[in-house]
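>>> Predicted structure and sequence below. I'll ask about it afterward.
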Amino acid sequence: MAVTPNLIKCRSCKSDFEPVYRNGIILSRLCLSCLLRKAKDKVRKDKAKERGGIKEKLKTHSQWLNDLQKVFNRYIRLRDKGKPCISCGCSLIGKYDAGHYFSVGAYPNIRFDEDNVHGQCVACNQHRHGNTTEYSLSLPMRIGIDRYEKLLQIRNEPLKLSIEEIKEKIKYYKLKIKEYGNNSLKL
């Protein structure tokens, strides 16, 4: 009389298969096709991770600045959430921008200065080109006269960030974003 092997169900695809035993212990609860798929997925993930590392090494200075700009703008939006638009005073609900008082093109040295960037409604920032007249009236009231005068003084000072400094700023603002996220959960 032939002994039929005890079949078990695969945890992944639920098909029946003959398990492999060693010293009375089942080596895997997955069938061979699921094990192969799992191994291929791991290889694919490792290659993607390696490619990501290569991509990061090949980034240009301007690409790093763009990454920092995205993180910085996200921080500004979180910081100014619930405050009125710096220009027109409407409430910032839904989508709103991180509007620069001194433009990035004309004053790239203060593009990441927190006193130069505030929450601004899309209408003021994009359609009214920053609504700078109203912005200039509201800014000293929001940040104070001393900080406003300091901003006016440093706007022409040169600033050249190295890639390492940019990476540090990205880490810094990601940490601040995380803090804001944790604080909003407590409210």
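Okay, I see it. Numbers count the residues shown, from 1 in each chain.
>>> Which secondary structure element is home to the most centrally placed residue in the chain?
Nearest to the geometric centre of the chain sits residue 71, at 5.2 Å (CA atoms, centre = their mean). Assessed by DSSP states H and E, residue 71 sits inside helix 61-79.
>>> Report the next helix or strand after that helix in sequence order.
Using DSSP H and E, the helix or strand that follows helix 61-79 in sequence is strand 96-100.
>>> Average pLDDT for that following strand, rounded please.
Here strand 96-100 scores 93 as its mean pLDDT.
>>> how big is the angle separating that strand from helix 61-79?
Between strand 96-100 and helix 61-79, the angle formed by their directions is 120 degrees, by axes from the mean of the first three to the mean of the last three CA atoms, to 10 degrees.
>>> Beyond strand 96-100, next helix or strand please.
With elements assigned by DSSP H and E, the helix or strand that comes after strand 96-100 is strand 117-121.
>>> Can you tell me the strand partners of that following strand and which way each runs?
Using DSSP bridges, strand 117-121 pairs in its sheet with strand 96-100 (antiparallel).
>>> where does this protein have low pLDDT?
Within the chain, the segments meeting pLDDT under 70 span 1-5, 21-28, 52, 182-187.
>>> Name the single longest helix found in it.
As assigned by DSSP state H, the longest helix anywhere in the chain is helix 32-58.
>>> How far away from the center of its chain is it?
Relative to the centre of its chain, helix 32-58 is centred 23 Å away, using CA atoms, centre = their mean, to the nearest Å.
>>> Contact partners for residue 90?
Going by CB atoms under 8 Å, 6 or more residues apart in numbering, residue 90 touches 84, 121. All C-beta atoms are positioned from the backbone trio N, CA, C, and that covers glycine.
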